[in-house]
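> After the sequence you'll find the predicted model.
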Amino acid sequence: MFNLKPRRKTSHKGENGVVLVVGGSEDYTGAPALVGMGALAVLRAGADLVTVASPEKVAWSINCIAPDLITKKIKCANFTRKNTNEIMALVKKADVVGIGNGISFTQGAKEFMQDVVKKVVCLRKPLVIDAAALRVIKLQDVENAVLLPHAKELEALLNNSRLEESEIRNNIETNVLVKKGHPLTTIFCRKKTASIKSGNAGMTHGGTGDVLAGITAGLIAQGNDLFTSAQAACYVNGKTADVLYKKMGFGYLASDMVRTIPFVLKKFQWQV
């Protein structure tokens, strides 16, 4: 179905990917859990290190939820443009940047997300753009990114970009767009399209999209191209949900998915 880059037996810490996740807000009470789930999914997908940059109180909460995560505690209640330079110092140390999860639309947050995306594009580093960030950018302003909209986010993204859905392919250039849905998720790039049918109705639980963003970032960080990473992440995310549905019905949670990812992903991983 897809070939993931193998891991060298002699590799050392950091050589299999470093990811920065920028997300969270004090006004969004679920932010620590959702951002934490996404960041843990980065590690479960096989990347070596993940740092979560969040407002201070959110970051402390994330540490309580998941001691495996490194957090950068940004001294603010919610992100504004004042925080851009501090975030960009962290971006320089990362292989991939994920942005949007758990960020609420407080004053200055829109401009913050736009600034960070623009500056990451200038550095030519891969991006995973999800949730709130999808509602404030234009497709034409983004390069080397995987975008993960559900239906409402796609509507906002297309409105901002002044595009019709039929025009997506001709306006994504170096990007990959994942149109999330059930029973079918579609992945677009300029020259290719793939469809993924894994997944079930239990994925309506909060956090499953954050997990998808984390898997995607983790696979990109390990050296896989954007399209392969998005395709593999969508399949693994949905298949993990299918495995859990067989065991638990619709009562499984995003945290259950995070724990189950390695068992599904294992058959696509090898070392050389």
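That came through fine.

> Residue 194 - that's part of a strand, no?
Yes - under DSSP: H, G, I helix; E, B strand; the rest coil, residue 194 sits within a strand.

> OK, contacts around it?
Taking C-beta atoms under 8 Å, 6 or more residues apart in numbering, we find residue 194 in contact with 186-187, 227, 231. Quick note: C-beta positions are derived from backbone N, CA and C, even for glycine.

> Show me the helices in the chain, by range?
Assigned by DSSP state H, the chain shows helices spanning 31-44, 56-65, 84-91, 109-122, 151-161, 208-221, 226-248, 254-265.

> Could you check the angle the third one makes with helix 109-122?
Read that as helix 84-91. 40 degrees (axes from the mean of the first three to the mean of the last three C-alpha atoms, to 10 degrees).

> what packs against helix 84-91?
Judged by 3 or more C-beta pairs under 8 Å, 6 or more residues apart in numbering; DSSP states H and E, the packing partners of helix 84-91 are strand 18-22, strand 49-55, strand 70-74, helix 109-122.

> Any chance of TSV for the ones you listed, columns mean pLDDT, distance to residue 257 and mean neighbour count?
Below are the helices and strands packed on helix 84-91 laid out as TSV (pLDDT from 0 to 100; distance: least, C-beta to C-beta, whole Å; neighbours: other C-beta atoms under 10 Å):
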stretch	mean pLDDT	distance to residue 257	mean neighbour count
strand 18-22	96	17	28
strand 49-55	95	17	26
strand 70-74	96	21	19
helix 109-122	98	26	19
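
> and these as JSON lines, adding distance to residue 139?
Output for the helices and strands packed on helix 84-91, formatted as JSON lines (distance: least, C-beta to C-beta, whole Å):
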{"stretch": "strand 18-22", "distance to residue 139": "20"}
{"stretch": "strand 49-55", "distance to residue 139": "25"}
{"stretch": "strand 70-74", "distance to residue 139": "28"}
{"stretch": "helix 109-122", "distance to residue 139": "11"}
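
> Let me know how buried the closest residue in space to residue 156 that isn't next to it in sequence is, in neighbour terms.
Of all residues not flanking residue 156 in the chain, residue 135 sits nearest, at 4.3 Å (C-beta to C-beta, 6 or more residues apart in numbering). Neighbourhood size, residue 135 [other C-beta atoms under 10 Å]: 19.

> is it true that residue 135 touches residue 153?
Yes - taking contacts as C-beta atoms under 8 Å, residue 135 lies within contact range of residue 153: 6.2 Å.

> out of the helices of the chain, which comes closest to residue 129?
helix 109-122 (6.9 Å; C-beta to C-beta).

> Please write out the alpha-carbon positions of the closest one in PDB.
Output in PDB follows, covering the C-alpha atoms of helix 109-122 (Å, rounded to 0.1, in the frame of the first residue of the first chain):
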ATOM      1  CA  ALA A 109      -4.300  34.300  17.800                       C
ATOM      2  CA  LYS A 110      -5.200  34.500  14.100                       C
ATOM      3  CA  GLU A 111      -2.300  36.800  13.400                       C
ATOM      4  CA  PHE A 112       0.000  34.600  15.500                       C
ATOM      5  CA  MET A 113      -0.900  31.500  13.400                       C
ATOM      6  CA  GLN A 114      -0.500  33.300  10.100                       C
ATOM      7  CA  ASP A 115       2.900  34.700  11.200                       C
ATOM      8  CA  VAL A 116       4.300  31.300  12.300                       C
ATOM      9  CA  VAL A 117       3.000  29.500   9.100                       C
ATOM     10  CA  LYS A 118       4.500  32.300   6.900                       C
ATOM     11  CA  LYS A 119       7.900  32.100   8.700                       C
ATOM     12  CA  VAL A 120       8.100  28.300   8.700                       C
ATOM     13  CA  VAL A 121       7.400  28.400   4.900                       C
ATOM     14  CA  CYS A 122      10.300  30.800   4.500                       C
END
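
> Look up how far residue 62 lies from the closest residue to residue 137 other than its chain neighbours.
In this structure, residue 137 finds its nearest non-sequential neighbour in residue 117, 5.7 Å apart by C-beta to C-beta, 6+ apart. Counting by C-beta to C-beta, to the nearest Å, the gap from residue 117 to residue 62 is 22 Å.

> Now the buried members of the contacts of residue 194.
The neighbour-count test (16 or more other C-beta atoms under 10 Å) marks 187, 227, 231 as buried among these.
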